[in-house]
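[1] below: sequence and its predicted model.
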There are 2 protein chains.
Amino acid sequence: MDETKKASAEDSLIARYFKPLATDPGAFGLVDDAAVLKTQGDDIVVTTDAIVEGVHFLPQDPPGTIARKALRVNLSDLAAKGAVPAGFVLTLALRDADDAWLEPFARGLGEDAALFSCPLLGGDTVSTPGPLMISITAFGRVPVGKMVHRSGAKPGDRVVVTGTIGDAALGLGILKGGAAATALAGDAAAKEMLAGRYRVPEPRNALAKAVRDHASAAMDVSDGLAGDLAKLCAASGVSAVIDAQSIPLSVPAATLLARGTVGIEAIVSGGDDYEILCAISENRFEAFAQAAGLAGVAVTSIGTVIGGAAVPRFLDPQGREIALHRRSFSHF
Amino acid sequence: MDETKKASAEDSLIARYFKPLATDPGAFGLVDDAAVLKTQGDDIVVTTDAIVEGVHFLPQDPPGTIARKALRVNLSDLAAKGAVPAGFVLTLALRDADDAWLEPFARGLGEDAALFSCPLLGGDTVSTPGPLMISITAFGRVPVGKMVHRSGAKPGDRVVVTGTIGDAALGLGILKGGAAATALAGDAAAKEMLAGRYRVPEPRNALAKAVRDHASAAMDVSDGLAGDLAKLCAASGVSAVIDAQSIPLSVPAATLLARGTVGIEAIVSGGDDYEILCAISENRFEAFAQAAGLAGVAVTSIGTVIGGAAVPRFLDPQGREIALHRRSFSHF
């Protein structure tokens, strides 16, 4: 292909696959060099998260689920900060412009952009000889000064999580053919559910307003509940005690834990949950739980914020501390 | 290294190298999951550009210049859109956390963030087995509705560029030991100047207000003057005629062209210039040139916008069209 044709191939890739996603007037149909984000008097919350082939997704994952995960990990941050999605920009590093991959990727991305009212505002497509990488910067709106922080948790607050914990890490184990895959060999539905939780997280954007109205501190659980709770406590200058038995588990996760296929450490340090972890004062918990019910999001109180600077403790049913050698996933 | 230590290594990498760059109060010292961009009643201009090792920079390039280039290619977009820098977020894909690389990288980035008043607001650091990649999303402010577009050029407007064209592409040739390196073998200063233009572009942010006040259309030249002018004309529904001899060249570039080491095609299609290309109506040109003079940025009128949908023509001193087989750099 000569260089002139190559140039038009790059532009036509954007026009064909990504222009249909650029529904916001500020995206200018992706034909300009920049987008305009109208601020409407709100604060703009900015978050950025990248996913890398072989690290955050597997080479054989369907392109549509890769796209959804890339967007949803960012939507999850917006939800935990109490922000309403406003749009995103995409950097796509590809080995080649393969229509069979790009078409379902763009379709999955477009479906989620519509589902979460978070239109594509712009992007950059570059070639790489290495693994695929998708980097998204997402924007949300909150009333001025109302972003929910990691700091702010106070002794006496309840520690609350949404959904269930540990499924995604177990799903990754299943996709890699680990012990969980063997243990659930006869249960295709359970394996599919767990793998699905790894591939396509469920960001809790429906809960954003309730978090903003009621949480004293919040973040999303991306690197493991134990490690992320430690970060929230450190930012707030507090500690916490968690009743490990009250951590919400899916049926397959509870089964694997009961059988001893995995331990509680794998559940609370595995990462990729993309649930909201927050601290809620006792006198706000009922209102928060009610708002969560209306939003259709399960919330569970798993422990209590306490004073001090100790790393949060996880207790077994006998009240003994569970030793955690690993608390989170880390890149380095 | 066990996983707990690994986790703290990732956090301490951010705390040590990048927290000092997060000088904006909305960055919350990089200890939260998101940043807040205060809008101050303006429109927020958003642009995103990634650079990849082996594609946009060379593995042996100094880390500080890689950082500067990553930020400056985005600052260049803001300048061409008439926007004042407000901050940026960074995605860094690294093979490992190497202090000897990170320290000068963060130092170069911090110096440019300060120089251009564009503080770090947040980011994500991920591991990759592949080439290094730095993706930046940068934000700027313009008065509501005042972003300068690619569209808007009108027949009769002058075609204007800042600085000099072609240096960066020649610099890349020199770094790769090509013909230009041989031709300039005895002139270390010329080689260094051209290589420096490839490694560290000079974004024209000092000209942003003049562009906003006077240009009918503008973009930055990143993929080659000929191809980018074609894009500006297509977006505006016009064509253009360029007097190739009036394209501003540095002394080394003019020398290489005069000796026949490179042709005009390499100059106008090479890319990586990061100069501003704009259309200015005749009755605004004097005021624009005056503002540019005050800003210390050289501007040169190189041709005229005309009606029609033809690809812009580049003419030689005899008025004959120069055949361009290649107009820009493309990734695919």
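    Received it, and whenever you're ready, just let me know what you need. Numbering: from 1, shown residues only, chains lettered A, B, ... in the order given.

[2] so which residue of chain A comes closest to chain B?
    Among all residues of chain A, residue A:130 sits closest to chain B, at 1.8 Å; criterion: CB to the nearest CB. Using the backbone N, CA and C atoms, a C-beta is placed for each residue, glycine as well.

[3] if you skip the residues just before and after it, what's nearest to that residue?
    residue B:130 (1.8 Å; CB to CB, 6 or more residues apart in numbering or on different chains).

[4] quick check: that neighbour touching residue A:95?
    No. The pair residue B:130 / residue A:95 is not scored as a contact, 9.5 Å apart, by CB atoms under 8 Å.

[5] identify the contacts common to those two.
    Taking CB atoms under 8 Å, 6 or more residues apart in numbering or on different chains as the criterion, residue B:130 and residue A:95 both touch A:128-130.

[6] chain B contacts on the stretch 101-250 of chain A?
    Residues of the stretch 101-250 of chain A found near chain B (CB under 8 Å from any CB of the partner chain) are A:121-131, A:133, A:135, A:137, A:139-140, A:142, A:147, A:149-151, A:219-220, A:223, A:227, A:231, A:235.

[7] list the residues that contact the residue nearest to residue A:130.
    Contacts of residue B:130 (CB under 8 Å, 6+ apart): A:128-131, A:133, B:93, B:95.

[8] out of these, which are inside strands?
    A:133, B:93 (DSSP state E).

[9] list only buried entries from the contacts of residue B:130.
    For the contacts of residue B:130, a burial check counting by 16 or more other CB atoms under 10 Å in any protein chain shown picks out A:128, A:130-131, A:133, B:93.

[10] make TSV from those and add distance to residue A:247 and pLDDT to it.
    Formatted as TSV, these follow (distance: CB to CB, whole Å; pLDDT from 0 to 100):
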residue	distance to residue A:247	pLDDT
A:128	39	88
A:130	37	88
A:131	33	92
A:133	32	95
B:93	32	93
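
[11] which one of the residues you listed is nearest residue A:66?
    residue A:133 (10.6 Å; CB to CB).

[12] which residue packs closest to the closest one, ignoring adjacent ones?
    Nearest non-adjacent residue to residue A:133, counting by CB to CB, 6+ apart: residue A:93, 4.3 Å away.

[13] the one you found touches residue A:123, doesn't it?
    No. Look at residue A:93 against residue A:123 with CB under 8 Å: they stay out of range, at 11.2 Å.

[14] hey, what's residue A:50 bridged with?
    residue A:135 (DSSP bridges).

[15] in this structure it contacts residue B:134, no?
    No. At 10.9 Å, residue A:50 does not count as touching residue B:134 under the criterion of CB under 8 Å.

[16] now the common contact residues for those two.
    Joint contacts of residue A:50 and residue B:134 (CB under 8 Å, 6+ apart) are B:91, B:93.

[17] is it true that residue A:147 lies in a strand?
    No. Assessed with DSSP: H, G, I helix; E, B strand; the rest coil, residue A:147 is coil; it does not lie in a strand.

[18] what about it, how many residues close to it?
    By other CB atoms under 10 Å in any protein chain shown, 24 other residues sit near residue A:147.

[19] now do the one 5 residues further on
    The local packing count at residue A:152 equals 18, with neighbours defined by other CB under 10 Å.
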